[in-house]
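Novice: Any chance you can model this:
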Amino acid sequence: MKQFKNSLLAMLLMVSGVAVSDDNNGLDLTKDMTQVGQTARMTYLFWDVYDISLYSSSGSYDSLAPFVLQLTYLRDLDGEEIAKRSLEEMQKQGFNDEALGAKWLLQMKQIFPDVTENYSLYGVRDENGTTRFYDSEKLLGEITDQNFTKWFFDIWLSEKTTEPKMRLKLLGEK
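Specialist: The predicted model follows:
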């Protein structure tokens, strides 16, 4: 049954424009993709929080094409806090729809797990503008709202990001 579920998940990912490999019963969401820039590290005060990498099939970033953003956490964090912080970062970029923000926050709280050191969380933007979240083994959930996809990934990839050096590193720009 597990093999069937993994095969079904692989087919869904391929249809969505994201290549996947089921190797050792784990997902490899970046197998047939190329890293766009370099891996960047998010540090808050003096704590290393996560390493982040951006992948696409072409090796370049296009906000309207499929891509994968991989966050590998360097410390234990509560999933609910990750969701809250994500919404706060969207708001810092200019997102200000309170009702929609509350809906997205609830969805993120249901999707984002508590993470431990070396846990990888993948955000996948498919060709339809849906955001899917995975860990190394399974689909955690998805948010189909294209506006969410834009605002969520803009946390790191927009020119308005609160971490411009990280953005430049992810995109391979100087």
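Novice: rest of the way, CA atoms for contacts and neighbours
Specialist: Noted.
Novice: From the chain's centroid, how far away is whichever strand or helix holds Arg85?
Specialist: Element membership of Arg85 [criterion: DSSP states H and E] is helix 79-92. Per Cα atoms, centre = their mean, to the nearest Å, the displacement of helix 79-92 from the mean C-alpha position of its chain is 13 Å.
Novice: which residues are in contact with the next helix or strand after it?
Specialist: Once helix 79-92 ends, the next helix or strand along the chain (criterion: DSSP H and E) is helix 98-111. Contacts to helix 98-111, defined as Cα atoms under 8 Å, 6 or more residues apart in numbering, come from residues Gly79, Glu80, Ala83, Lys84, Leu87, Phe133, Leu140, Gly141, Glu142, Ile143, Phe148.
Novice: let's go with 10 Å and repeat that
Specialist: 78-88, 90-91, 95, 132-134, 139-143, 145, 147-148, 152 (Cα atoms under 10 Å, 6 or more residues apart in numbering).
Novice: which residues of the protein fall in helices?
Specialist: In the chain, the helices defined using DSSP state H lie at 2-15, 79-92, 98-111, 146-157, 164-171.
Novice: Pick out the residue closest to the middle of this protein.
Specialist: Nearest to the mean C-alpha position of the chain, by Cα atoms, centre = their mean, lies Gly123 at 2.2 Å.
Novice: hang on, the earlier thing: so for Gly37, which of the helices of the chain sits nearest?
Specialist: helix 164-171 (4.6 Å; Cα to Cα).
Novice: now the angle from the closest one to helix 146-157?
Specialist: With axes from the mean of the first three to the mean of the last three Cα atoms, to 10 degrees applied, the angle from helix 164-171 to helix 146-157 works out at 100 degrees.
Novice: Show me what helix 164-171 packs onto, helices and strands only.
Specialist: Packing partners of helix 164-171 (3 or more Cα pairs under 10 Å, 6 or more residues apart in numbering; DSSP states H and E): strand 40-44, strand 47-56, helix 146-157.
Novice: Show me what the shortest one is packed against.
Specialist: In this case it means strand 40-44. Judged by 3+ Cα pairs under 10 Å, 6+ apart, strand 40-44 is in contact with strand 47-56, strand 67-73, helix 164-171.
Novice: CA atoms only: put the second one into CSV for me.
Specialist: Same thing as strand 67-73. What follows is strand 67-73, C-alpha atoms only, in CSV (Å, rounded to 0.1, in the frame of the first residue of the first chain):
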residue,chain,number,x,y,z
PHE,A,67,10.1,25.6,-8.6
VAL,A,68,11.1,24.1,-5.2
LEU,A,69,12.2,26.0,-2.1
GLN,A,70,13.9,23.8,0.4
LEU,A,71,14.3,24.9,4.0
THR,A,72,16.5,22.7,6.2
TYR,A,73,16.0,23.7,9.9
